[in-house]
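>>> Next one to model:
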Amino acid sequence: MRCIVLFWLLGTLQAIANLSYSQSVRLSLEMNDATVREVLSVIERKSDFYFTYNSTQIEAARKISVHVKNRLITDVLDEMFAGQNVNYTINDKHIVLYKDNTPPADAAAASPPSKRITGKVSDIQGEPIIGANVIEKANPANGTITDADGTFALNVPEKAVLVVSFIGYHTLEIAINGQSVFNITLSEDMQALEEVVVVGYGTQKKINLTGAVSSVSRKELDNRPITSLSAGIQGLAPGVTALTASGKPGADGASFQIRGKGTLNNSNPYILVDGIETGTIDQIDPNDIESISILKDAASAAIYGSKAANGVILITTKRGVEGKPVVSYNGSYGIQNAVTLLDEMSSADYATLYNQALTSAGKSPRFTEQEIQKFRDGSDPYNYPNTDWVGMAFGTGMIQKHNVNVMGGHDKAKYMISAGYLTQEGILRNSDREQFNLRSNLDVQLSKNVSVRSSMSYIRNNRSEPIPSYAVSSLSGGIVRQLFRIAPWIPYKYEDGSYGSIGDGNPIAWLDINERIRYKNQNFSGIIAADWKVTEGLKLTGQVAYISNVQNVKRFMKDIHYKIGYHGPNELYEYINLWNRASFDGLGNYEKSFGAHNLKILLGYKAEKYKFTNLTGSRTTFPNNNLTDMDAGTASTQTNSGYSRELGLMSGFGRINYDYKGLYLFEVNLRADGSSRFSADNRWGYFPSFSAGWRISEESFMKPAEDWIQSLKIRASWGQLGNQDALTDYYPWLVTYAIGKNYPFDNSLNTGVTKTAQKLSSISWETTTNAGIGLDLLFLRHFSLSADVYRRTTKDIIMNVPVPGTFGVDPYKDNIGSVRNSGVEVVFGWNQNLRDWNLGVDANFAYNKNEILNLGGVDEMIDDYYINKVGRPYHSYYGYVAEGLFQSKEEADAYTQKYGNPFGRKFMAGDLRFKDVNGDGKLTPADRDIIGSRFPKFTFGGKLFASWKNTVDFSLLFQGVVDASRYFSETLTGDFTGDTSHPSTVWLDKSWSDKNPGGTWPRVSEGKTSASHPGIRSSFWCVSTNYLRIKNIQLGYNFPKHILSKIGISRARIFYSAENIFTFDNLDLNVDPETPDGNGYIYPNVKTHSFGIHLTF
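So this is what the prediction gives:
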């Protein structure tokens, strides 16, 4: 009896305790459009309550709004599940949710499970999955959801089986088998995945898109040793050609083309970061990025009107999430070397072949055999050196990157703050970069219907590079050109300490003086937006954005002493560029469902103002090399100039999205832009687009195929876009005048004003018309395929129209040209879990045909060795077509007798033989033809990835191009001019000679004495630059959580990452096939090996 009374008393006390907690704790919540899962997670964080439920019964993804203040948990649950037939039981702090009137068996009274387990749920990249369901299979009421770190804790029986699930991922079942700690990896379920993509002024589910949009996630950029975001995008999006022109610190960004060259003018895409137009993306810290969307057709980009003719790149940065503060650190250290440097001859080899070139020209050899031997054995390094100019200038560079990110918040406010630091020492002496980034994103819920958000960014980017040239005549050419062209037998220094030199200087002397061009850049951007939910489905938004940029460039040229007793003047050149852009956007969004009909409407207004100011000055003859302020120079030598320009844009736009049951999708866009670039009569342009999609897989007749086709959508679009940024001219319709011309009046010169160019007030927009069809397919649960076919035609291209020289003015501009791009894009994906492994492949391919349609009534325009010709690609290489080499003097003489020789240089054995293209029996300039194009027809890229038990991961990114060319000039090949040439080693094995009649390169000849010289443009020197590049290799290791938890770290990953590590091409010269210039003036691209760590606290 006493035992019964004791148990009764204990039970009563327990019940009182339960009642006391549930009825004493009061909660306050203000949450709008949150999922049930998110609300439950907030309750768990704000109290000691924890929930379990069966995810198949409770709609955890259902959106609700909860507004309670100091209410009991029962009141909160009643409001959350009103009308949903959801019941609950409260046992201590454990709340079980269930759908019918009978709670799960023994749910409330069950004895505590016998084992406590903990774990973490991540995706295949190791990123935590927040809000994943973890439940006991035999007792669905016993479960939990993962927190902001992806972690969970649960009490289960010893032999329980866990079911782990999350929307968009494959569900896993895991047997406990006595284990206590779990690291669980979920892979994306292509059938269920409903990825949200950022589009113009909003977001859409990818499955509902009717336009052509490519996405790049932050996972594609994480931990890569890239210093420019544009280079990081290479190979990740079909139809996007990104070529890295240089490895110079701070100037190593890639040039973009989206679906080909769409104009003969500026073809850069429109770039926005968090809604702010930036113009460039290369100073953004990749660690701050959440996603990148690339809008490629009019259907997706028409909302941006005249800004979007060349495509749009939308970058979204990370924002705060609800939960405790999460601190992340990313750091890496890497070494860098040139991707490749040209192999050039030694002094002995060059002297031998130079003698051969002189002899073939009928001249005496320059070097004796004894002198060549001195070059070879190095016995007299001052008078017979073998100077490795390139090796003395280039070496190993260094790069460090650090980023700290803090994010968190609650239902009222969420925040993200990050700081980044980058320092880089270039592979070329005296080149470096230092950058600091600070970014802050804030979201505040002011009331039930009003919220405010902001994004602020500050970037300070300082870089320097060596003075390009101390040549007497000019700064043209640059130090890289000089390094590759100066002969190896020129000494770096003589025995007396004076520098060796050719006529225009010693490049190592320029580096020794250690003077640089210094670029200092500061950029601030900010946007503040307010959202007001006026009523159900209607939201008004106002946002103000501002961006300003200050760039200061200073170049001080010190005295340089090539010879003993020599003294030359010093010089300072400095300029400041200031620009800013302010804009206002007013938006109205309405969303409503009428049964099976779903409607979204966007209306907007935009006003924008841009201002640019330049101030430039210079002076020479400073007292010494330490006084570098402008006023220290001689006043009589000063020059100065400056100007300012302004632009204005006003726009109205709208978009309508409609779908019926998610089966039939329609979208209409219209934008009207008024720009100050054009006259009042031609100021406004109107840009519509229409698109539609059909989700065939959702039709009832596709039910029998649902096991092997999970999603199938076809789409089509048509639209028009404008281009107002085609020119650098701010006022192309206004006649401009120049001050400074002198005119004689009354026997004296008077300063006057002169008209510099004729202008047409009728000049207006370039207009691009896009049409395309596409298909999106998810099949066999692990595979995806997307394909697009498009045609993009640009008309009214602004071009120069020449005028007779007697007019005394420059050519004027008019809308007279047109260009067409047409092509195909394909994207393929595979992702699957195989036991402890997760494997995947992403691949993309694109083909683009560029064709000029109209050049204002003329068939072709020739510019040196480039040509624009109707029916052919833009800016094609132009020259003679080579058909092999003459094998004998007799063959060369017979050819000359038949076809003539327009070059004034006698054809000889070993010279190039040129084709009579027009068949008139004579070789003349009329036989020149298109010999190549630097714009590739085919681009491809992809990624292979694998992870094992969410512990070890590996990825490989590749990209390449096919059917592209470069023209290699004599600076790269070498042309045997003596001191001012340093030929490639290719000549040693491949040049034709009597001893090497099988050589594929022309004979060695002095300077320009042969018609085979690269200066006579021919197809021989226009070479294919097809290549495949291993863009990135990454290997990572995640430390076990049970070790990290003991030291307060939730995640730690170490990694090795290599960028631009391997390149496969078919070039004779070992040059970088990606370099857009064949003259040898370009700072080489770099390959990087880096090690790093990622920590989360």
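
>>> quick one: residue 280 is in a strand?
No - Residue 280: not assigned to a strand; according to DSSP: H, G, I helix; E, B strand; the rest coil it is coil.

>>> For it, give its distance to residue 250.
Taking Cβ to Cβ, to the nearest Å as the measure, residue 280 falls 12 Å from residue 250. (Glycine included, C-beta is placed from N, CA and C.)

>>> Residue 523 now?
13 Å.

>>> mind checking the backbone torsions on residue 234?
phi -50, psi 130 (degrees, to the nearest 10).

>>> Please name the nearest non-neighbouring residue to it.
residue 242 (4.5 Å; Cβ to Cβ, 6 or more residues apart in numbering).

>>> When residue 280 and residue 250 are compared, which one has more neighbours?
Neighbour totals were compared for residue 280 and residue 250, and residue 250 leads with 24 against 15 (other Cβ atoms under 10 Å).

>>> Am I right that that one is in contact with residue 459?
No - using Cβ atoms under 8 Å, residue 250 is not in contact with residue 459, being 11.6 Å away.

>>> overlap in contacts of those two?
Taking Cβ atoms under 8 Å, 6 or more residues apart in numbering as the contact rule, residue 250 and residue 459 both touch residue 435.

>>> Can you point out the buried residues in stretch 518-529?
By neighbour count with 16 or more other Cβ atoms under 10 Å, stretch 518-529 contains the buried residues 519, 521, 523-527, 529.

>>> Can you report how many residues neighbour the nearest residue to residue 1007 once chain neighbours are set aside?
Once flanking residues are discounted, residue 1007 sits nearest to residue 977: 4.4 Å by Cβ to Cβ, 6+ apart. Neighbourhood size, residue 977 [other Cβ under 10 Å]: 18.

>>> cool, and residue 417?
17.

>>> what about it, which SS state?
At residue 417 the chain is in strand, as set by three-state DSSP.

>>> Name whatever forms a beta bridge with it.
For residue 417, the beta-bridge assignment (DSSP bridges) gives partners residue 406, residue 440.

>>> cool, and the one 5 residues further on?
According to DSSP bridges, the residues that bridge with residue 422 are residue 401, residue 435.

>>> Residue 42 against residue 412, yeah?
No - in this structure, residue 42 is not within contact of residue 412 by Cβ under 8 Å, at 11.0 Å.

>>> So for those two, which residue has more residues nearby?
residue 42 (19 against 14).

>>> What sits closest to that one if chain neighbours are left out?
residue 411 (6.0 Å).

>>> Starting from residue 29, give me the distance back to the one you found.
For residue 411, the distance to residue 29 equals 6 Å [Cβ to Cβ].

>>> who touches both of these two?
Joint contacts of residue 411 and residue 29 (Cβ under 8 Å, 6+ apart) are residue 42.

>>> residues contacting residue 585?
Listed by Cβ under 8 Å, 6+ apart, the contact partners of residue 585 are 201, 275, 541-543, 545, 604-606.

>>> again with residue 802
Neighbouring residues of residue 802 by Cβ under 8 Å, 6+ apart: residue 811.

>>> cool, and residue 127?
Counting by Cβ under 8 Å, 6+ apart, residue 127 has contacts 150, 219.

>>> Over to residue 838?
124, 185, 187, 831-832, 946-947.

>>> just residue 872 next, same as before
So residue 872 contacts 851-852, 930 (Cβ under 8 Å, 6+ apart).

>>> Figure out how far stretch 377-390 is from the centre of its chain.
With Cα atoms, centre = their mean, to the nearest Å as the basis, stretch 377-390 stands 44 Å off its chain's centre.

>>> model confidence over it, on average?
When pLDDT is averaged along stretch 377-390, the result is 95.

>>> Give me the below-cutoff pLDDT ranges for the stretch 201-350 of the chain.
Under the criterion pLDDT under 70, the flagged ranges of the stretch 201-350 of the chain are 223, 252.

>>> any idea where the strands of it begin and end?
Along the stretch 201-350 of the chain, the segments classed as strands by DSSP state E, counting those that start in this stretch run 202-205, 213-217, 240-244, 254-258, 270-273, 276-277, 289-295, 312-317, 323-338.

>>> Now the last one: buried residues?
Okay, so that is strand 323-338. Here strand 323-338 shows 323, 326, 328, 330-332, 334-338 as buried, counting by 16+ other Cβ under 10 Å.

>>> Quick one: neighbours of residue 980, just the number.
For residue 980, the tally of surrounding residues (other Cβ under 10 Å) stands at 16.

>>> Surely it and residue 485 touch.
Yes - in this structure, residue 980 is within contact of residue 485 by Cβ under 8 Å, at 5.9 Å.

>>> what comes up buried for stretch 450-458?
Buried, per 16+ other Cβ under 10 Å, within stretch 450-458: 451, 453-457.
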